[in-house]
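# What follows is a protein structure lacking sequence information:
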C-alpha cells in the first residue's frame, strides 16, 4: 500500500490538476485556520482577564464610606459617612466573614518618601496586617506587617518592588534601613511583589494604628475589607446585605441609599467574569464546530465532483488492468494527502498569526498570550482529513465498482 | 484463442429489457485478424465488451485461452485485462493530464513495473509508432491519427494475446484509417490476435474474416477466400 510508485502517480495527478488541488486544500486550510485563530483569541481574552484578577483575591468584599444622597430621619442628604476602627470590628462579626482588614490613605504634604538622597511620591496605605490577603501580594524579602506592629504602634514600612528600586540604588539591602515618610523615619521591614499591575508596586504599607497616631487621623479609617473564605455568590450577597443593614443603623442613613457606601463584591464580580467566559467559550465552540462542518461539507463536495470528473479516467484505468482497490486507494490517498497537507498549512498559519498578535500587542489589558490547545487543533485537522477521506471513499468506491464499459461510454 | 457458445446478454433499464445478444457462437483462432460488422444495435460493441471482460454475459460459455470466463471477480478480471488484452477505442480514451509516454506506460504501472523500466519500454513503443518526438506532449496536442497510434502503443505495451478494437477508425479520415489498418496488419504479423469492431466495409475488407452480426446472432461469416466475392456482391447491391 505504501509504495513509492503509487506516490509518484499521486503526485503527478496532483501536479496536473492544480486548481482542483488548491480548491480542496483551501477549504480545509481555511477551516483549520479560522478554528485556531478563534480558539486562540478566546483563550487570549480569558488569559488577559484572569491576569487582571491575579493581583487581587477573588473572595473579598470591600466596603468604602461615601456621602449620603437621600434625606433620612430628618437629616439632609450630602452627609459624609466616616468609618472608625469600631466599624471594622462590627463588620468582622457578620456571618461568613473569615477575616477582615482596615485601610486608610495618607495624604500629607505630597506623600514624599525619602532615603538618603533619593526620594519620590508614592501611595501610602495605612492598613491592618490582614490586608495582604486582599492584594494577594508576595513578600520577597523581610516580612509583612504583623499584629505587633499594630499593637505597639511601630513605625514599620513594607515597600513595593518599584518603590524599593526607586529609593535603593545598586541593589542595596533595604531591610532594617530607615526611610522618611513626610519627614518621619520608618523602618523598612519588608519588600513585596505583586503579580498584578505595576501600580500596585508603587505603594508602601504602614500599620494603620501608627498612621492614625503619627499623622493625627484619630480613629478614622476609609475602608473595611471582608474576606469570606470559600463562600459562594449567594453568601457574598447576603454579607453585602448585612453590611448595609449594620452600617445604616450605626451611621443613620437609608439602607437603600446607594451612595452612602461603596461596596465592591469581588466574588460576584469574578463569578460574572467566569460566567461570561463560559458563554464566550460556548460561543467559540459553536462557531468553531460550524467552521469545521463547513470545511467537511466543502471537502465532501469537491471530492464528489472530483470522482465524477474522473469517472472516465477510472474507466480507462480499469480497462488497462486497475483493480477496484487500486482505484479507491488512489483517490483516497490523494484526498488524504491534500487535506492533511492543507490542514497543516492552516494550523501553522493560524498559530503563526496568534504568535504575531502576542508579539505585536504586548500584554495588553484584557488580552494576553493568545494560544491554542494543540491537541484540539490537531484533532480538528485529523477530523477534517478523515471526513475528506470518507467523503472521497463513498463516491470512489461507487466509481470503482462501475463497469468499465459504463464509465467509458461516450457522453 | 476465443470461443463463445450461445452467449446471451440482456440489458435492463427500469421496466424495459433489451435482449441484445441472443446466443452468439463464435470461435477465433490464435493469430487471426477478424472484424465484426453489423448495423447499429446489432450487438457488436456489447460482444466486444464481453470478450474484453469489460461486461458480463447472462448465459452461455466464454473460453479465453482455454479458460472459462464467467462472473469472475473484479480483481481477476483486471488481471486478465491487463495481461491478455489490449484495448483500442474509437474515442482513444487517453488520460488527458498524462503525456504520451505516461499514457503508454500506464498498463505497466498496474503490472508493478518500476517507473524507470516502464518509461524505457514506453519510449520503445512510441518509437515503433513514430511518436518518439511527441513523448512529452499531452494527448490534446496530437492529431487524431497520432492519438490512435498512441492508444495502439498503449494496447501493445503489456504484450497482450488479443487486441480488441472498438471502431478504431471511427474518428479518423480515410487516409489515416488505412495507416491504422496497416499498423494492425503489422501487429498481426507478430502473432497477436486482433478483433476489430467496425461498420466500415473497406476496413472490414482488410481483415482475414468478417463476422456479420444481425439482431443479436451471427448472421454470416465471410472467410478470406470468399472475401472478394462478397465485396463484389456488396458493390453490386
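Cool, got the structure. Quick caveat: nothing in here was measured; it's all calculated off a predicted structure.
# Using the three-state scheme, assign the residue of the stretch 101-250 of chain A at minimum distance from chain B.
Per Cβ to the nearest Cβ, residue A:195 is where the stretch 101-250 of chain A lies closest to chain B, at 61.2 Å. C-beta here means a position set from N, CA and C on the backbone, and glycine is covered the same way. Here residue A:195 is recorded as coil under DSSP: H, G, I helix; E, B strand; the rest coil.
# That one reaches residue A:161, doesn't it?
No. Residue A:195 is not in contact with residue A:161 according to Cβ atoms under 8 Å; the separation is 11.2 Å.
# Tell me which of those two has more neighbours.
More crowded of residue A:195 and residue A:161, by other Cβ atoms under 10 Å in any protein chain shown: residue A:161, with 20 against 13.
# tell me the phi and psi of that one?
Note on residue A:161: its backbone torsions stand at phi -50, psi -40 [degrees, to the nearest 10].
# Wait, it touches residue A:190, no?
No. Using Cβ under 8 Å, residue A:161 is not in contact with residue A:190, being 11.0 Å away.
# What residues does the residue in chain B positioned nearest to chain A make contact with?
For chain B and chain A, the shortest gap (Cβ to the nearest Cβ) falls at residue B:82, measuring 2.4 Å. By Cβ atoms under 8 Å, 6 or more residues apart in numbering or on different chains, the contact set of residue B:82 is A:320-321, B:107, B:110-111, B:158.
# got the residue ranges for the strands in chain B?
Per DSSP state E, chain B carries strands over the ranges B:2-13, B:16-28, B:33-37, B:59-64, B:67-68, B:85-89, B:162-166, B:193-197, B:209-214, B:217-222.
# would JSON lines of these with distance to chain A, mean pLDDT and mean neighbour count be doable?
JSON lines is the format used below for those (distance: least, Cβ to the nearest Cβ, whole Å; pLDDT from 0 to 100; neighbours: other Cβ atoms under 10 Å in any protein chain shown):
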{"stretch": "strand B:2-13", "distance to chain A": "11", "mean pLDDT": "89", "mean neighbour count": "16"}
{"stretch": "strand B:16-28", "distance to chain A": "12", "mean pLDDT": "90", "mean neighbour count": "16"}
{"stretch": "strand B:33-37", "distance to chain A": "16", "mean pLDDT": "92", "mean neighbour count": "24"}
{"stretch": "strand B:59-64", "distance to chain A": "15", "mean pLDDT": "90", "mean neighbour count": "16"}
{"stretch": "strand B:67-68", "distance to chain A": "17", "mean pLDDT": "85", "mean neighbour count": "10"}
{"stretch": "strand B:85-89", "distance to chain A": "5", "mean pLDDT": "91", "mean neighbour count": "25"}
{"stretch": "strand B:162-166", "distance to chain A": "9", "mean pLDDT": "92", "mean neighbour count": "24"}
{"stretch": "strand B:193-197", "distance to chain A": "13", "mean pLDDT": "93", "mean neighbour count": "25"}
{"stretch": "strand B:209-214", "distance to chain A": "17", "mean pLDDT": "90", "mean neighbour count": "20"}
{"stretch": "strand B:217-222", "distance to chain A": "21", "mean pLDDT": "86", "mean neighbour count": "15"}
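# Of all these, which one comes closest to residue A:167?
Smallest distance to residue A:167 across these (Cβ to Cβ): 94.4 Å, for strand B:85-89.
# Centre-most residue in the chain?
Here I'm looking at chain A. Central residue of chain A (Cα atoms, centre = their mean): residue A:47, 2.2 Å from the mean position.
# Oops, wrong one, chain B.
Short answer for chain B (Cα atoms, centre = their mean): residue B:164, at 1.6 Å.
# quick one: that residue and residue B:87 touch, right?
Yes. Taking contacts as Cβ under 8 Å, residue B:164 lies within contact range of residue B:87: 5.6 Å.
# Which residues are in contact with each of those two?
Joint contacts of residue B:164 and residue B:87 (Cβ under 8 Å, 6+ apart) are residue B:52.
# Okay, and the beta partners of the residue nearest to the centre of chain B?
Beta-bridge pairing for residue B:164 (DSSP bridges): residue B:87, residue B:195.
# between the longest helix seen in chain B and strand B:33-37, how big is the angle?
Longest helix in chain B, counting residues (DSSP state H): helix B:174-189. Interaxial angle, helix B:174-189 versus strand B:33-37 (axes from the mean of the first three to the mean of the last three Cα atoms, to 10 degrees): 130 degrees.
# What helices and strands are in contact with helix B:174-189?
strand B:33-37, helix B:144-157, strand B:162-166, strand B:193-197, helix B:201-204 (3 or more Cβ pairs under 8 Å, 6 or more residues apart in numbering or on different chains; DSSP states H and E).
# Look up how far residue B:167 lies from residue B:180.
11 Å (Cβ to Cβ, to the nearest Å).
# all helices of the stretch 51-200 of chain A, in order?
Applying DSSP state H, counting those that start in this stretch to the stretch 51-200 of chain A gives helices spanning A:85-92, A:132-135, A:147-151, A:161-167.
# List the buried residues in the last one.
It stands for helix A:161-167. A:161-164, A:166-167 (16 or more other Cβ atoms under 10 Å in any protein chain shown).
# mind giving me TSV with those residues and columns for pLDDT?
Shown next, in TSV, are the buried residues of helix A:161-167 (pLDDT from 0 to 100):
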residue	pLDDT
A:161	91
A:162	91
A:163	92
A:164	93
A:166	91
A:167	93
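# helix, strand or coil for the closest residue to residue A:151 other than its chain neighbours?
Among residues not flanking residue A:151 along the chain, residue A:209 sits closest, at 7.4 Å (Cβ to Cβ, 6 or more residues apart in numbering or on different chains). Here residue A:209 is helix, with the state taken from three-state DSSP.
# isn't residue A:209 right up against residue A:153?
Yes. Distance between residue A:209 and residue A:153: 5.3 Å, which falls inside the contact criterion (Cβ under 8 Å).
# Compare these two and say which is more crowded by neighbours.
Higher neighbour count among residue A:209 and residue A:153: residue A:209, with 19 against 14, using other Cβ under 10 Å.
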